[in-house]
Structure formats: C-alpha cells, structure tokens
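A.B. asks: can't give you the sequence, but here's the structure:
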C-alpha cells in the first residue's frame, strides 16, 4: 500500500495519501515501526491484517517521481502491479470523498503516472481521496 505525496510537504491536501497511511499504520498498531529504507527511498512499515502481509510505503521523493520508490519496493518485496494499492489525492472529488479505481489511466495525476511508467503497468488498484478544488 503506497501513500503518494510530496514527502517534504506533509500535512497538505496533495499529500493526503501519506496521511492515510499514517492512520492505517496506527490502526494496524505498527505506527512505531516506520523505518527509512534506502533501497527504495521510502519510509516502510510491515503489518499484517486479515491473514495478509502488508508493506506500507511512503516515498521520500517528490510526487512526480513517487513511482521510482514504488517500483523499487515492488522488486524488493516481489510484488506484481496488481498486488499494489496506491492511495492518492483526487481534485475532482469533494473533500473527504473516497473511491476505489481498478487500473486504468492516471487521469492527469502525476504520481499515478509515475507509478504506471516505473512499473510498466496500469494494473494497480487506487484509493482516490477527494481533496476538492481550491
């Protein structure tokens, strides 16, 4: 599960994917388990939920190149694109609305576009979190 955003701009609506992962890590009782992983240039926490092993990932790169971290982690943890969930902001959804999208285009989102390019696939599931328009 990758929370897309700008690592240096935490707390902004554009980095809501990382905030969602922080919340998920607290709910899974692994919030103290985040560690910097230089191999994929990201903060990583490992968790288990409902019989699944999860890799939580917050790239330490700018949004436009988050895909480099996601692809590196996929290689390290032997994940296929269809195993990956991207959590990211969506300007076209009202603040707080969420939607799940299975595969498809980036719809203008540079972080998703970066992931599609780096993974050579658009098969990732996306959790789109509404941030509304300014």
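C.D. replies: Cool, the structure landed. This is a predicted model, so every value here is computed, not measured.

A.B. asks: can I assume residue 36 is in contact with residue 59?
C.D. replies: No: assessed by Cβ atoms under 8 Å, residue 36 is found out of contact with residue 59, at 11.4 Å. (Glycine included, C-beta is placed from N, CA and C.)

A.B. asks: Now do the residue lying farthest from the centre of the chain, the pLDDT please.
C.D. replies: Distance from the C-alpha centroid of the chain, by Cα atoms, centre = their mean, peaks at residue 134 (22.5 Å). On pLDDT, residue 134 comes in at 74.

A.B. asks: Ok, residue 11 next?
C.D. replies: pLDDT, residue 11: 81.

A.B. asks: next one: the one 3 residues further on
C.D. replies: Residue 14 carries a pLDDT score of 86 in this model.

A.B. asks: ok, what's across the strand from the nearest residue to it once chain neighbours are set aside?
C.D. replies: Among residues not flanking residue 14 along the chain, residue 89 sits closest, at 5.5 Å (Cβ to Cβ, 6 or more residues apart in numbering). Beta-bridge pairing for residue 89 (DSSP bridges): residue 129.

A.B. asks: just the strands in the chain please.
C.D. replies: 2-3, 35-37, 42-49, 52-59, 85-90, 98-102, 125-130 (DSSP state E).

A.B. asks: who's in contact with the fourth one?
C.D. replies: For strand 52-59, the external contacting residues (Cβ atoms under 8 Å, 6 or more residues apart in numbering) are 1-5, 7, 18, 21-22, 24-25, 28, 30, 34, 40-48, 66, 68-70, 73, 77, 79.
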